[in-house]
Every structure is written in structure tokens, then in C-alpha cells.
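1. Dropping the sequence and predicted coords here.
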Amino acid sequence: MVGKKKWYIKILIMILLVTGALFSGFPILWMLLSSFKPNAEIFAWPPTWISESFSLNAYISIFQNPEKVRFFINSYCIAMVVVIFTLIIGILASYSFSRFDFPGKGFINTVIVSVQAVPPITLLIPYLSLIVSLKLYNTFGALILTYMLFTLPYAILMITGYMNTLPKDLDEAVMIDGGSRFMALWTVLVPVSIPGLVSVGMYTFMQAWNEYLFALALTKTNEMRTVPVGISLLMGQHAYEWNQMMSMSVLGSLPVLVLFLFFQRYFIAGMTAGAVKN
């Protein structure tokens with residue numbers, strides 16, 4: 001009886017997992033299939049899975065439009081710059097929190113954690129006023145600084161947690177050999193911390209790549225806008241370019257998907273290690 005009960009539980013778990021996978025995967029599959037359909041066929045009834053007039057016209061129209069290609073270039077450039085600066089500043093700050101005791105350390109940690117609890121939308125109006133007063137409105141600098149404001153606290157917390165798992169003997173060994181703390185950080189601790197840095201970098205890239213609210217509010221010309229805003233611009237007053245919206249969504253999802261597939265092992269290891277000891 002006990003063996004049959006365990007067998008029934010396993011079947012139930014498998015059914016629940018498959019149901020959850022289908023439920024979460026269906027919108028992605030529908031988005032992909034709709035990107036190959038004519039605009040009028042997407043809401044046809046009864047719905048069709050694979051269109052008889054299967055075509056790549058939506059993708060071709062995107063790649064042939066310099067303005068839409070610019071959205072992708074902007075997103076790539078902004079996301080990569082945010083990742084680089086977030087990692088550099090996060091590594092330096094995390095090393096200080098992990099290896100030194102200084103006045104106000106506990107208070108600063110509390111502030112960093114508190115920032116994570118603030119809904120970004122509540123900062124939109126005061127932050128927009130600040131950006132305008134600094135004459136950064138409609139610039140890449142405004143978006144980069146904004147995204148770093150939200151990614152740095154997470155980066156510092158995660159990298160600090162990861163560095164706390166590394167013994168201080170590593171630093172001391174380098175300094176005994178005549179090296180500096182700076183050398184110990186960049187030649188020993190950073191290479192060892194690659195899994196944690198990859199997970200932080202992926203999170204940072206996804207945040208910068210997917211962000212919509214501030215990208216819309218802090219820019220006014222299409223030359224400065226990113227992919228999420230570019231997708232929303234396909235919603236016209238009288239008609240929506242649904243197939244192009246779906247194709248841009250597919251293309252916009254690819255970078256994050258590729259990053260996760262290539263760095264999945266490091267991402268999971270970094271998330272786990274950073275959560276073990278803080």
C-alpha cells in the first residue's frame with residue numbers, strides 16, 4: 001500500500017508539473033506562432049496554430065526599418081554598460097562590506113536593503129524632475145544611471161554574500177607575497193567569484209533590457225528609446241501591428257534566453273552560494 005501511495009503521489013506531481021509547464025509555456029508558444037501570421041489572422045476564429053500563409057514578413061519589416069533596429073541597438077548598449085558599471089562598483093563595494101568594519105556599516109546595509117523594498121513607480125516623478133534639472137533628459141546617461149540605481153543594491157547584497165563564503169586566507173596569502181588588497185581582489189577573489197558575478201550580471205542585464213516605465217518617461221525621441229518602448233509604439237490610434245509586436249517580442253526575448261542557456265550553471269550556483277551566508 002505504501003508503495004502504491006508513493007506511486008500515486010509521483011504521478012500527481014508529474015501531472016501538476018506538466019500542467020504548470022503548459023500553462024506558463026502557452027503564451028510564449030502563441031507569441032512565436034503569431035509572429036509568422038498575417039495581422040488579420042491572429043484573432044481569427046476558430047484560431048489556427050500554424051498559418052497557411054506562413055511568412056517572415058513581420059521580421060523582415062523590422063530588420064528593414066532603421067528606427068526599429070535602433071531600438072535593439074539602444075537596448076544592447078544600455079544593458080551592457082549597466083552590467084559593466086554595476087559589476088565594477090558592486091565588486092568594490094562588496095569587498096569593502098565583506099572584509100572591513102567601518103563606522104556606519106550597519107546603517108548603510110540597512111539603507112541598501114530598504115531601497116530594494118521601494119516600488120520604482122513611486123520614484124518616477126521626483127526622479128524625472130532630478131533628471132531634467134541635471135539636463136540629462138532624453139539621454140542614454142539618464143537611463144544608465146536610473147537602471148544602476150535599481151540594480152546596484154541587489155548586486156552589492158549578492159556579491160557580498162558570495163564573498164563572505166570565501167576565506168580571508170586568500171587575501172592574506174596574496175599580501176604575504178607582497179601584493180596589495182587591490183591585487184588580491186582582482187587576481188584571486190574575482191576569478192573565484194565568477195558564478196556569483198554571472199548571476200548578478202544576468203539579473204542586471206534582464207532588468208535593464210526589460211525595463212519600460214523609466215525608458216518611456218525619460219526619453220522623448222525614438223533615437224533614444226529601447227525595445228519595450230518600441231513595441232508599445234506599434235500600437236497605433238486606429239490599428240495595432242500585432243504580428244510585428246509579436247516578432248519584436250520574440251527578438252527581444254532571445255538575448256535573455258540565450259544568456260540563461262549559456263550561463264545556467266553559473267547562475268544557479270551563484271544564486272545558491274549568495275544565499276547561504278550573508
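-> That came through fine.
2. pLDDT on stretch 120-136, on average?
-> In this model, stretch 120-136 has an average pLDDT of 87.
3. Okay, buried residues for that stretch please.
-> Under the neighbour-count criterion of 16 or more other C-beta atoms under 10 Å, stretch 120-136 has Leu123, Leu124, Tyr127, Leu128, Ile131, Leu136 buried. C-beta: built from backbone N, CA, C; applies to glycine.
4. before we move on, what about stretch 102-116?
-> Across stretch 102-116, burial judged by 16+ other C-beta under 10 Å covers Ile112.
5. same thing with stretch 34-44?
-> So for stretch 34-44, counting by 16+ other C-beta under 10 Å, buried means Ser34, Ser35, Phe36, Lys37, Pro38, Asn39, Glu41, Ile42.
6. Just the ones of the residues you listed in helices?
-> Ser34 (DSSP state H).
7. Name the nearest of the buried residues of stretch 34-44 relative to Arg70.
-> Checking these against Arg70 by C-beta to C-beta gives Ser35 as the nearest, at 20.1 Å.
8. and which of the buried residues of stretch 34-44 is nearest to Asp169?
-> The nearest member of the buried residues of stretch 34-44 to Asp169, counting by C-beta to C-beta, is Ser35 at 54.0 Å.
9. all helices of the chain, in order?
-> Using DSSP H, the helices found in the chain span residues 2-34, 57-63, 66-99, 105-116, 124-133, 140-163, 169-176, 181-184, 190-192, 194-210, 213-217, 227-232, 242-276.
10. To Pro47, which of those helices lies closest?
-> Smallest distance to Pro47 across those (C-beta to C-beta): 8.8 Å, for helix 2-34.
11. Can you tell me which helices and strands the closest one packs against?
-> helix 242-276 (3 or more C-beta pairs under 8 Å, 6 or more residues apart in numbering; DSSP states H and E).
12. shaky segments in the stretch 151-278 of the chain?
-> Counting by pLDDT under 70, the stretch 151-278 of the chain shows low-confidence ranges at 236-239, 263-278.
13. picking up where we left off before, okay, the helices of the chain in a markdown table with distance to Ile50 next?
-> Output for the helices of the chain, formatted as a markdown table (distance: least, C-beta to C-beta, whole Å):
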| stretch | distance to Ile50 |
| --- | --- |
| helix 2-34 | 7 |
| helix 57-63 | 15 |
| helix 66-99 | 25 |
| helix 105-116 | 44 |
| helix 124-133 | 42 |
| helix 140-163 | 38 |
| helix 169-176 | 56 |
| helix 181-184 | 58 |
| helix 190-192 | 48 |
| helix 194-210 | 29 |
| helix 213-217 | 34 |
| helix 227-232 | 24 |
| helix 242-276 | 14 |
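14. And the ones you listed: which comes nearest Pro46?
-> Pro46 lies closest to helix 2-34 among those, at 14.2 Å (C-beta to C-beta).
15. Let me see the mean pLDDT of the closest one.
-> 80.
16. quick one: buried residues of it?
-> Residues of helix 2-34 classed as buried: Leu33, Ser34 (neighbour count, 16+ other C-beta under 10 Å).
17. circling back to that earlier point, ok, so of the buried residues of stretch 34-44, who is nearest Thr226?
-> Using C-beta to C-beta, the buried residues of stretch 34-44 come closest to Thr226 at Ser35, 19.4 Å.
18. State the distance from that closest one to Gly230.
-> Counting by C-beta to C-beta, to the nearest Å, the gap from Ser35 to Gly230 is 15 Å.
19. before we move on, what about Gly252?
-> 9 Å.
20. Same drill for these two, tell me which one is more crowded.
-> More neighbours surround Gly230 than the other of Gly252 and Gly230, with 25 against 19 (other C-beta atoms under 10 Å).
21. Excluding covalently adjacent residues, which one is nearest to that one?
-> With sequence-adjacent residues excluded and distances taken as C-beta to C-beta, 6 or more residues apart in numbering, Gly230 is closest to Phe71, at 3.5 Å.
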